[in-house]
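> Next input, structure requested:
(2 chains)
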Amino acid sequence: MKFKNPCEKANHICDKSQYNEASFWEKVRLNLHLIYCKFCREYSANNQKLTKSIKDSKIKTLCNEDKGAIKEKLYQEMKK
Amino acid sequence: MSKVMLHPETWVDRYSDYLYNYTIVRVNDHEVAQDIISDTFLAGLKSKDNFKGEATERTWLISILKRKIIDHYRKINSNKGKAEVRINYNDTDNEGDWLEEQVEDFSEMNAQESMENEELGLAILGCLESINEKQAEIFKLKTIDGVDTETICNEYNITPSNLWVIIHRARKALADCLESNWFK
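Numbering: from 1, shown residues only, chains lettered A, B, ... in the order given. From the prediction side, this is the model:
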């Protein structure tokens, strides 16, 4: 991925680390950046808060098959 | 003020997860919840001429859903006796202790917390409605269902870079929306 500026790069690593997909060195880079960048610190904090909220809320989703079954019923009724 | 119009063809994609989370905590059974949701959509379709356009689509669907959930409990309660709560002492040693007090409480959360979490979940799903449907779908797959990047990219025919851009936008929009609707 290409980045226009260091903040974009930092935010990308921050996004990845919300899914545990950032490498060790990426995290080091992110933290170095956060030391001097107030905006990215803010973004990181909000991002972590969002991850925690989603985890706490225990949202469940219907899988595609289930949605498909409901859609089918609805569409059939719409045709009538 | 322009009136809200109904778009039944988008209901499942837009609202089924919201309705599902609302229902599952109330009926606690996946199959039942699914039936109630499809009943709700069908009922909505049938009475769509009664929609006055004063509430949002989702609010209107939830009001139908609430009635469907009540109907569900009426139906299972009409099988008399099954819904009866029996209180027994299991033996003379424990006489005086209520049966329910002897049952281990598996839920670490108290009622207050689980209610707040349910509302938080609905707030998050509500916020997701404001972003593009396809992007919301991708975000949910990645974040809630934990599907890996490669699978999503193949399914939607996008590159990992595209995916991360979508995720980034969605996270930003969600964080802002929650900030003004939930954390304030």
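> Against A:Asn46, how distant is the spatially most central residue of chain B?
The residue lying closest to the centre of chain B (Cα atoms, centre = their mean) is B:Asn21, at 1.5 Å. As judged by Cβ to Cβ, to the nearest Å, B:Asn21 and A:Asn46 stand 23 Å apart. Any C-beta I mention is one placed from the backbone N, CA and C, and that applies to glycine too.
> now the residue of chain B found nearest chain A, nearest residue through space, not along the chain?
As assessed by Cβ to the nearest Cβ, chain A sits closest to B:Gly121 within chain B, at 3.6 Å. Counting by Cβ to Cβ, 6 or more residues apart in numbering or on different chains, the nearest residue to B:Gly121 once its immediate chain neighbours are dropped is A:Ser57, at 3.6 Å.
> How many residues are close by that neighbour?
20 (other Cβ atoms under 10 Å in any protein chain shown).
> so who does it touch?
By Cβ atoms under 8 Å, 6 or more residues apart in numbering or on different chains, the contact list for A:Ser57 reads B:117-118, B:120-121, B:124.
> which residues of chain A score low on pLDDT?
Across chain A, nothing is flagged by pLDDT under 70.
> buried set for the top helix by length along chain A?
Criterion DSSP state H: the longest helix present in chain A is helix A:38-57. Within helix A:38-57, the residues that count as buried by 16 or more other Cβ atoms under 10 Å in any protein chain shown are A:40, A:43-44, A:46-47, A:50-51, A:53-54, A:57.
> Nearest to chain B among those residues?
The closest of those, once distances to chain B are taken by Cβ to the nearest Cβ, is A:Ser57, at 3.6 Å.
> how far does the helix or strand where B:Met115 lies sit from the chain's center?
Here B:Met115, judged by DSSP states H and E, is contained in helix B:111-128. Helix B:111-128 sits 9 Å away from the centroid of its parent chain (Cα atoms, centre = their mean, to the nearest Å).
> again with stretch B:36-50
Distance, centroid of stretch B:36-50 to centroid of chain: 17 Å (Cα atoms, centre = their mean).
> Just the C-alpha atoms of that stretch, please, in PDB.
The C-alpha trace of stretch B:36-50 is given here as PDB (Å, rounded to 0.1, in the frame of the first residue of the first chain):
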ATOM      1  CA  ILE B  36     -40.100 -14.000  13.900                       C
ATOM      2  CA  ILE B  37     -37.900 -11.800  11.700                       C
ATOM      3  CA  SER B  38     -39.300 -13.200   8.400                       C
ATOM      4  CA  ASP B  39     -42.800 -12.900   9.800                       C
ATOM      5  CA  THR B  40     -42.100  -9.300  10.700                       C
ATOM      6  CA  PHE B  41     -40.900  -8.500   7.200                       C
ATOM      7  CA  LEU B  42     -44.000 -10.200   5.600                       C
ATOM      8  CA  ALA B  43     -46.300  -8.400   8.000                       C
ATOM      9  CA  GLY B  44     -44.600  -5.200   7.100                       C
ATOM     10  CA  LEU B  45     -45.100  -5.800   3.400                       C
ATOM     11  CA  LYS B  46     -48.700  -6.600   4.000                       C
ATOM     12  CA  SER B  47     -49.400  -3.400   5.900                       C
ATOM     13  CA  LYS B  48     -47.100  -1.100   4.000                       C
ATOM     14  CA  ASP B  49     -50.100   1.000   3.000                       C
ATOM     15  CA  ASN B  50     -50.600   1.900   6.700                       C
END
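> picking up where we left off before, check contacts around the residue nearest to the centre of chain B.
When contacts are counted by Cβ under 8 Å, 6+ apart, B:Asn21 touches A:59-60, B:118, B:121-122, B:125.
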